[in-house]
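Visitor: pasting the sequence and the predicted coordinates here, then a few questions.
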2 protein chains.
Amino acid sequence: MAGSANMVLGLLAMPNGSHSASWRLPGAQDGGAIDIGYQRRLVQLAERGKLDFFFLADSPSLRVDNMDVWSRAPAYQNILEPLTLLSALAGATTHIGLGATASTSFFEPYNLARQFASLDHITGGRAAWNVVTTANDYAARNFGLPRLPPHEQRYARAREFVDVVFRLWDTWEDDAFVYDHAAGLSYLPEKFHRTHHEGAVFKVDGGLNIARPPQGRPVIIQAGASETGKALAAETAEVVFGPSGDMATAIAFYRDLKGRLPAFGREPDALKILSGISVVLGESEAHAREKLQSWHDLVHPDVARIRIGQDLGNSLMDLPLDEPVPEDRIIEGAGQHRAYAQEIVAMVREGLTLREICRRYNRSRAFLCGTPSQVADLMEEWIGAGACDGFMLSPLSLPACLEEFVAQVIPELQRRGLFRTEYEGRTLREHLGLKRPENRAVPALADA
Amino acid sequence: MAGSANMVLGLLAMPNGSHSASWRLPGAQDGGAIDIGYQRRLVQLAERGKLDFFFLADSPSLRVDNMDVWSRAPAYQNILEPLTLLSALAGATTHIGLGATASTSFFEPYNLARQFASLDHITGGRAAWNVVTTANDYAARNFGLPRLPPHEQRYARAREFVDVVFRLWDTWEDDAFVYDHAAGLSYLPEKFHRTHHEGAVFKVDGGLNIARPPQGRPVIIQAGASETGKALAAETAEVVFGPSGDMATAIAFYRDLKGRLPAFGREPDALKILSGISVVLGESEAHAREKLQSWHDLVHPDVARIRIGQDLGNSLMDLPLDEPVPEDRIIEGAGQHRAYAQEIVAMVREGLTLREICRRYNRSRAFLCGTPSQVADLMEEWIGAGACDGFMLSPLSLPACLEEFVAQVIPELQRRGLFRTEYEGRTLREHLGLKRPENRAVPALADA
């Protein structure tokens, strides 16, 4: 893909950015997450940068433990529900794709199919759905369960959920609604296809009350890191959030996942793998690193140590900040993400104090500190090496980091011919170079 | 209420209007229901008329029988999901309330609470939720059930559903989010209230991840015709769609329902009862009636007789159009709505042909044919007699009937001092003269 102008760029729009101190950084807007004026300015900024899509992560939950600690690092306590928000942003934009996470564990397929189909119509074909099973017990408890169902069970439901949603979107053929006034005929009955589904989890007998989405179906996103996740992604996903940080890991993931597509009759190019990056720009790399350290220093120590404890898989809340962390706090294999835990273990073994670890811990994130040209170099290198098809920008501070990126890095990528200078298509599928899917309910196709 | 400028006016925005032939009438836009540009023009027209709110009826279903008949009278086959649509209309309007039906039988309280809270934030306090249990088996079959649960069971779920949603909206006190940069404190933990609910249907342990809605809670609408429905309405509703057509029935309903409020510690004025009207304007009453008859004549006979058969409670599809309907088709008590069935039975007993019945049947709807002055007279009379607090306008043809109503009837109501000339408040509660509810989770209030 090196040298192609088709690098994909998405924006992960966290309320004030992805840094734990983002809400306190210059330019951050108080309560911006629920301020529709702020959100409009943000998505319009992303559209000025010609980004492929604007994306909202989500969980239908609130962490209700340690409320005093999280009051120091607000993130998802006060946010607009993503589908409602994206729909409100539709009229403020004309080209940029609008994507959101919605959980297969806590929605009904019929409601979700309707809402995403509606969003696709409202935006003229710019909707994307990030299929997740949701991985936290706080959400489960909002929906009558004491804890999450096991991983395999969630994925079995997800697989069936996606299938049902795909069928519902295919209820009507593209040219079903004719509105023939002279004949008094609004649709052609033979272009309606009833959805009959009886599965292990869902039973649906009926059809969707909306015309087929302009994109055939909204673009399907997934984050598939697990084996089950990768299997589902290879079958259904069109955009995948892949690994960040280490290029060799990214290349291995890229080859693995793309290699699975032909088994499902799919071209490798039918799925785009994006690597997450958090760019910090400066006049020099050192300057950018200083800037980042000054942000880290604004994180409350309680927030830092509760996060580090979670990633290590053992609480550190009772320890004094200015003494080394005892090695007996290390429990082999306790953290959910191996790479995160390893970073912490190394610092504990070095004998650093808890405060020092809090200051230095970077959670393996691809914090990319440098000049615009250095950042463009690295992005070009990753694409050229076959580590990804593009990037999910996860700005640490919003709107500041995005303003800088759009003003300084995008033009550099454009000069190098790596990124579009204007939108060429109108739908998100067109931006991404993805085909519009056939309607699977059409008899001729179904028989073939 | 006579002489008050507080008459409430809502708009029932059916795709092309509520007439069976609406899609074929002059000015009707093909597929307008899924065209966001058309919907924006419609809501802006309603806002120019200073209406209290714009309202979308809904069912999460598609009638999948008789697809050939319904192709002659499209209504809800191809519509945008209401919450998604209202959110997209928020930015196109500044004052008018935005309400929608959402089913307690086929949503989860957590998802619904989030989406309506989000809509209330996005609109600056203009959201309304019409609480329904959904009364059709087509919906049930989209959600894994062979048919609807019994009426009592649906209402038991609805009652608990509403209670859970109210609690979730009260998760945060109004002044919980402080964003105190100097202190590094984004919210006051003591102003968070965990939702603990263990009921017969729902278990919720957590809280909502969004600040309390600007209106405290969105305005609650109901249609409560049944005894169970009226009981729920008296306890929780703030707007009720009451009976149309016969004034004596409307007055009895009005007195009955308002009389039930004090038992729940509510003032009679805390609930507004609206009567549905479909206005057809003309230079004279006769002219308006001719116009209406010309619309009826555009309804395909199959559509008319399938509808009449449903209202009668017995199929008429096999009968010849130009012969009288045999009296043995009348089954006592078979139709769901007694008044509808009675209108048909009378015409059958009169010996009318099926085609004549199709032409004349008016489904007891308050088709109000007349000059602007006659229409205003009748509206004034109903308000003055204590039959309702206002009206749900159900234009037979959109946008045409609404354009005429805004141009001809609204100014007449304004001249008479019956309706506002400008919006005075900003929220829907302010338009309706409804109090902002207290947060029931606040300890001082909860203890009192």
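Guide: Right, received. Where do you want to start? Numbering: from 1, shown residues only, chains lettered A, B, ... in the order given.
Visitor: any idea of the pLDDT on the residue located most distally from the centre of chain A?
Guide: Centroid-distance maximum for chain A: residue A:182 at 47.7 Å, with CA atoms, centre = their mean. pLDDT recorded at residue A:182 is 89.
Visitor: and if you look at the one 3 residues further on?
Guide: Confidence at residue A:185, expressed as pLDDT, is 95.
Visitor: again with residue A:362
Guide: Reported pLDDT for residue A:362: 78.
Visitor: would you agree it falls within a strand?
Guide: No - checked against DSSP: H, G, I helix; E, B strand; the rest coil, residue A:362 lies outside a strand; its state is coil.
Visitor: thinking again about what came up before, how far away is the residue farthest from the centre of chain A from chain B?
Guide: In this structure, residue A:182 and chain B are 9 Å apart, going by CB to the nearest CB, to the nearest Å. Any C-beta I mention is one placed from the backbone N, CA and C, and that applies to glycine too.
Visitor: again with residue A:37
Guide: Residue A:37 is 10 Å from chain B, where distance means CB to the nearest CB.
Visitor: what helices or strands is the helix or strand hosting that residue leaning on?
Guide: Counting by DSSP states H and E, the element that carries residue A:37 is helix A:36-48. Under the contact criterion of 3 or more CB pairs under 8 Å, 6 or more residues apart in numbering or on different chains; DSSP states H and E, helix A:36-48 touches strand A:53-56, helix A:82-90, helix A:400-404.
Visitor: give me that answer again for 7 Å
Guide: Using 3 or more CB pairs under 7 Å, 6 or more residues apart in numbering or on different chains; DSSP states H and E as the contact test, the elements touching helix A:36-48 are helix A:82-90, helix A:400-404.
Visitor: next, the closest residue to residue A:233 other than its chain neighbours: phi, psi?
Guide: Excluding the flanking residues, the one nearest residue A:233 by CB to CB, 6 or more residues apart in numbering or on different chains is residue A:224, at 3.7 Å. Note on residue A:224: backbone dihedrals following degrees, to the nearest 10 are phi -10, psi 80.
Visitor: any idea how many residues pack against residue A:224?
Guide: Neighbours of residue A:224 under the rule other CB atoms under 10 Å in any protein chain shown: 24.
Visitor: same question for the one 4 residues further on.
Guide: Neighbour count for residue A:228, taken as other CB under 10 Å: 17.
Visitor: what ranges do the helices span in the stretch 251-400 of chain A?
Guide: A:285-296, A:301-312, A:338-349, A:354-360, A:372-384, A:400-404 (DSSP state H, counting those that start in this stretch).
Visitor: and of those helices, who's closest to chain B?
Guide: helix A:301-312 (9.3 Å; CB to the nearest CB).
Visitor: that closest one and chain B in contact?
Guide: No - if you take CB under 7 Å from any CB of the partner chain as the test, helix A:301-312 misses chain B, and the best it gets is 9.3 Å.
Visitor: elements contacting that helix?
Guide: With 3+ CB pairs under 7 Å, 6+ apart as the test, helix A:301-312 has helix A:67-70, helix A:338-349, helix A:354-360 packed against it.
Visitor: how about JSON lines for the ones you listed, with mean neighbour count and distance to chain B added?
Guide: Formatted as JSON lines, the helices and strands packed on helix A:301-312 follow (neighbours: other CB atoms under 10 Å in any protein chain shown; distance: least, CB to the nearest CB, whole Å):
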{"stretch": "helix A:67-70", "mean neighbour count": "18", "distance to chain B": "4"}
{"stretch": "helix A:338-349", "mean neighbour count": "17", "distance to chain B": "24"}
{"stretch": "helix A:354-360", "mean neighbour count": "19", "distance to chain B": "14"}
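Visitor: dump the ones you listed into CSV; add distance to residue B:387 as well.
Guide: Output for the helices and strands packed on helix A:301-312, formatted as CSV (distance: least, CB to CB, whole Å):
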stretch, distance to residue B:387
helix A:67-70, 51
helix A:338-349, 67
helix A:354-360, 68
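Visitor: how close does the residue lying closest to residue A:315 once chain neighbours are set aside sit to residue A:297?
Guide: In space, and not counting its chain neighbours, residue A:315 is closest to residue A:309: 4.7 Å by CB to CB, 6+ apart. Noted for residue A:309: a distance of 20 Å to residue A:297, by CB to CB, to the nearest Å.
Visitor: ditto for residue A:256
Guide: Where residue A:297 is concerned, residue A:256 sits at a distance of 39 Å (CB to CB).
Visitor: that older thread, between residue A:309 and residue A:297, point out the one with more neighbours.
Guide: Neighbours per residue (other CB under 10 Å) separate residue A:309 from residue A:297, with residue A:309 holding more: 19 against 10.
Visitor: burial count for residue A:164?
Guide: 23.
Visitor: near chain B, which residues of the stretch 101-250 of chain A show up?
Guide: Checking the stretch 101-250 of chain A against chain B by CB under 7 Å from any CB, the hits are A:106-108, A:110-111, A:114-115, A:118-119, A:121-122, A:138, A:141-144, A:177, A:179, A:181, A:184-187, A:189, A:192, A:194, A:202-211.
Visitor: are any of those buried, and which?
Guide: A:106-108, A:110-111, A:114-115, A:118-119, A:121-122, A:138, A:141-144, A:177, A:179, A:184-187, A:192, A:202-211 (16 or more other CB atoms under 10 Å in any protein chain shown).
Visitor: which parts of stretch A:402-410 are buried?
Guide: So, applying 16+ other CB under 10 Å, buried residues of stretch A:402-410: A:402-406, A:408-410.
Visitor: again with stretch A:92-112
Guide: In terms of neighbour count (16+ other CB under 10 Å), stretch A:92-112 has its buried residues at A:92-93, A:95-112.
Visitor: next: stretch A:271-289.
Guide: A:271-282, A:288.
Visitor: for that stretch, C-alpha coordinates in PDB please.
Guide: Written as PDB, here are the backbone C-alpha positions of stretch A:271-289 (Å, rounded to 0.1, in the frame of the first residue of the first chain):
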ATOM      1  CA  LEU A 271     -11.100  -5.500   5.400                       C
ATOM      2  CA  LYS A 272      -9.100  -2.600   6.600                       C
ATOM      3  CA  ILE A 273      -6.900  -2.900   9.700                       C
ATOM      4  CA  LEU A 274      -6.200   0.300  11.600                       C
ATOM      5  CA  SER A 275      -3.600   0.900  14.300                       C
ATOM      6  CA  GLY A 276      -4.300   3.200  17.200                       C
ATOM      7  CA  ILE A 277      -2.000   6.200  17.600                       C
ATOM      8  CA  SER A 278      -1.900   9.100  20.100                       C
ATOM      9  CA  VAL A 279       0.200  11.800  18.500                       C
ATOM     10  CA  VAL A 280       1.900  14.600  20.500                       C
ATOM     11  CA  LEU A 281       3.400  17.200  18.300                       C
ATOM     12  CA  GLY A 282       6.300  19.500  19.200                       C
ATOM     13  CA  GLU A 283       9.000  21.600  17.600                       C
ATOM     14  CA  SER A 284      11.200  18.700  18.400                       C
ATOM     15  CA  GLU A 285      10.800  15.200  19.800                       C
ATOM     16  CA  ALA A 286      12.100  16.400  23.100                       C
ATOM     17  CA  HIS A 287       9.700  19.300  23.200                       C
ATOM     18  CA  ALA A 288       6.800  16.900  22.500                       C
ATOM     19  CA  ARG A 289       7.900  14.600  25.300                       C
END
